[in-house]
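Colleague: Here you go, sequence then predicted model.
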Amino acid sequence: MTNGNDKPVILLENVEKVYKTKAGPLRVLKGVNLSINAGEFVAIVGPSGSGKSTLINMITGIDRPTSGEVFVAGQRLTHLSENAVAKWRGKNVGVVFQFFQLLPTLTVLENVMMPMHYVGTYKGQRRQRAMELLELVDLPDVAHKYPSQISGGQQQRAAIARALANDPPVIVGDEPTGNLDMVSAGLIFALFEDLVSQGKTIVMVTHDRDLAGQIPRVEEVRDGQLVPADQIDERLVARAQD
């Protein structure tokens, strides 16, 4: 499903990733081509070691392809310096991790404010912006608590608020519900659906095929390659089209 914008916000062209190991070259991604339009909600599934995390790292700019091209939010990432990629990522891609990665010595509010500090946005308005985001994820009452003082589900919602701090067009979730109970996972999924309805593009890695089956588009990675659409698990496709 798209929101009427057919211009790809994520484009990978013949992306290869090879790591050097003691046993020799390890080819993790093998000529991946992927196009995701603005406003899409996409699940990435596949067995452990298939290349899912490496694929996500290409999209966020955390890792670079050995060959091929990566374009995200209008930027060609392939030849940017590490500093330039970090600055670009701060404004254009919000990342939500499985284990939250909130800084334990900062309050929830300070954690949400942190990305704004690093890219210099919303100066003088950071606290107000952070509180608005905590309202969005229904956490204003825990703003001044520390991560250890709130539940896992609340920590993940705070992590989503942090990912939204600089209003990025793309949100990437790396197993964002994998460490949560069923109720909390459902709340996170509903929040993602709401963000997509507002025009955000969300790419979410998940091992939960029941959850993936509720997402409009599913891409499956096997042995470093995207599986052709007609070979993806029929249960996933059927649920996504319901």
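Modeller: Structure received.
Colleague: got the buried residues for the top helix by length along the chain?
Modeller: For the chain, the helix with the greatest residue count under DSSP state H is helix 182-197. Residues of helix 182-197 classed as buried: 184-185, 187-189, 191-192, 195-196 (neighbour count, 16 or more other Cβ atoms under 10 Å). The way it works is simple: take the backbone N, C-alpha and C, and place the C-beta from them, glycine included.
Colleague: Which residue ranges of this structure form strands?
Modeller: 8-21, 24-37, 41-45, 67-72, 75-76, 93-97, 170-174, 201-205, 217-222, 225-226 (DSSP state E).
Colleague: by contact count, what packs against the longest helix of the chain?
Modeller: Under the contact definition 3 or more Cβ pairs under 8 Å, 6 or more residues apart in numbering; DSSP states H and E, helix 182-197 sits against strand 41-45, helix 152-163, strand 170-174, strand 201-205.
Colleague: Rebuild these as TSV, extending it with distance to P216.
Modeller: TSV is the format used below for the helices and strands packed on helix 182-197 (distance: least, Cβ to Cβ, whole Å):
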stretch	distance to P216
strand 41-45	5
helix 152-163	19
strand 170-174	15
strand 201-205	10
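Colleague: among the ones you listed, which is nearest L77?
Modeller: Comparing the helices and strands packed on helix 182-197 by their distance to L77 (Cβ to Cβ), the top pick is strand 170-174, with 12.0 Å.
Colleague: Now do that closest one: which elements does it pack against?
Modeller: helix 52-60, strand 93-97, helix 182-197, strand 201-205.
Colleague: Tell me the gap between the longest one and the middle of its chain.
Modeller: If I follow you right, that is helix 182-197. Chain-centre distance of helix 182-197: 13 Å, with Cα atoms, centre = their mean, to the nearest Å.
Colleague: got a list of contacts for it?
Modeller: Outside helix 182-197, the residues within contact range by Cβ atoms under 8 Å, 6 or more residues apart in numbering are 1, 3, 39-41, 137, 151-153, 156-157, 160, 164, 171, 173, 176-177, 180, 202, 204, 208, 211, 214.
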